[in-house]
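K.L.:
Quick check, what structure comes out for this input:
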Amino acid sequence: MAAQATLSLRPCATLAPSRGALPRAHAGFAPASRPAPALSISCPPRRLESLRRALAVESDQQGSVVVSEDQEEKPRSYYFLVANAKFMLDDEEHFQEQLQEKLRLYEERSKEQDFWLVVEPKFLDRFPNITSRLKRPAVALVSTDRNWIRFMKLRLDRVLAEQFDAETLEEALASNPVELKFDEPAKWTAPYPKYQSGWWEAFLPPKFSNGTA
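P.N.:
Here you go, the predicted structure:
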């Protein structure tokens, strides 16, 4: 039984012998069994090098993932609402309940918190058009969730909205120290109790390694 033909790629290939060049069988005798001639395909050196590189890339991808410079970590976008602290933390009647409900939902779903209250945020220095319209001290609601910030903008109404990019969470949530203190109203007529001072502390940014938020 004749051996199977093999296929090889060579920079400089030769053609297989033609049928006329093969020895003819003598009358009454079957031709002797011999190995089948190798089939060679001429391949230009440049194309051969391309094939080798493709095989090398495929082999490398099976073993490890190579991260290019374009895939390196980039600055993250943060979205915020900002208003003066008196309005955000003392006057707005439903703000506390909305934040507490969202935090409870995250805890039930084991989802990492992605929203914070930032008192006198440093990133406001990037927005002179906002600071010129803002009473101080100011408080910002910051999140990486753009759609939720849009929703909260509709709920709160009297707030300013913008976005910015930051390299780290620490940079995004950096703040200037300030003490918040609101006067108690002379008369409280609502059927529910007034917010307790300091309720917002549960939503302040985490303490970072340098001791600042």
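
K.L.:
Give the residue spans of this protein that score low on pLDDT.
P.N.:
Within the chain, the ranges that satisfy pLDDT under 70 run 1-73, 208-213.

K.L.:
Who are the contact partners of the residue nearest to P205 when sequence neighbours are not counted?
P.N.:
Spatially, and ignoring its direct neighbours in sequence, P205 is nearest to L173 (3.8 Å; CB to CB, 6 or more residues apart in numbering). In this view, the C-beta of every residue, glycine as well, is placed from N, C-alpha and C. By CB atoms under 8 Å, 6 or more residues apart in numbering, the residues touching L173 are 116, 118, 121, 142, 205, 213.

K.L.:
Check the gap between L173 and Y78 for me.
P.N.:
For L173, the distance to Y78 (CB to CB, to the nearest Å) stands at 9 Å.

K.L.:
Overlap of the contact sets of these two?
P.N.:
V142.

K.L.:
tell me which of the contacts of L173 is nearest to P191?
P.N.:
W116 (30.6 Å; CB to CB).

K.L.:
would you say the closest one is within a helix?
P.N.:
No. Using DSSP: H, G, I helix; E, B strand; the rest coil, the assignment for W116 is strand, not a helix.

K.L.:
which residues does P121 contact?
P.N.:
By CB under 8 Å, 6+ apart, the contact list for P121 reads 80, 82, 138, 140, 142, 173-176.

K.L.:
circling back: want to throw the contacts of L173 into CSV with distance to E107?
P.N.:
Formatted as CSV, the contacts of L173 follow (distance: CB to CB, whole Å):
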residue, distance to E107
W116, 15
V118, 21
P121, 25
V142, 19
P205, 18
A213, 21
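
K.L.:
Name the nearest of those relative to S110.
P.N.:
Closest approach to S110 among these (CB to CB): W116, at 18.6 Å.

K.L.:
how many neighbours does Y195 have?
P.N.:
Residues lying near Y195 (other CB atoms under 10 Å) number 17.

K.L.:
biggest strand in this structure, by residue count?
P.N.:
Of all the segments of type strand in the chain, defined by DSSP state E, the longest one is strand 76-84.

K.L.:
Name the strands paired with that one and say parallel or antiparallel.
P.N.:
Applying DSSP bridges to the sheet, strand 76-84 is found paired with strand 138-143 (antiparallel), strand 160-166 (antiparallel).

K.L.:
Ok, which of the ones you listed comes nearest P128?
P.N.:
With CB to CB as the measure, strand 160-166 is the member of the strands paired with strand 76-84 nearest P128 (11.7 Å).

K.L.:
who's in contact with the closest one?
P.N.:
For strand 160-166, contacts defined as CB under 8 Å, 6+ apart pick out 75-83, 123, 126-127, 130, 133-134, 146, 149-150, 153, 172.

K.L.:
Please apply the same query to stretch 140-153.
P.N.:
Applying CB under 8 Å, 6+ apart, the contact partners of stretch 140-153 are 76-82, 88, 98, 102, 114-118, 121, 123-124, 159, 161, 163, 172-173.
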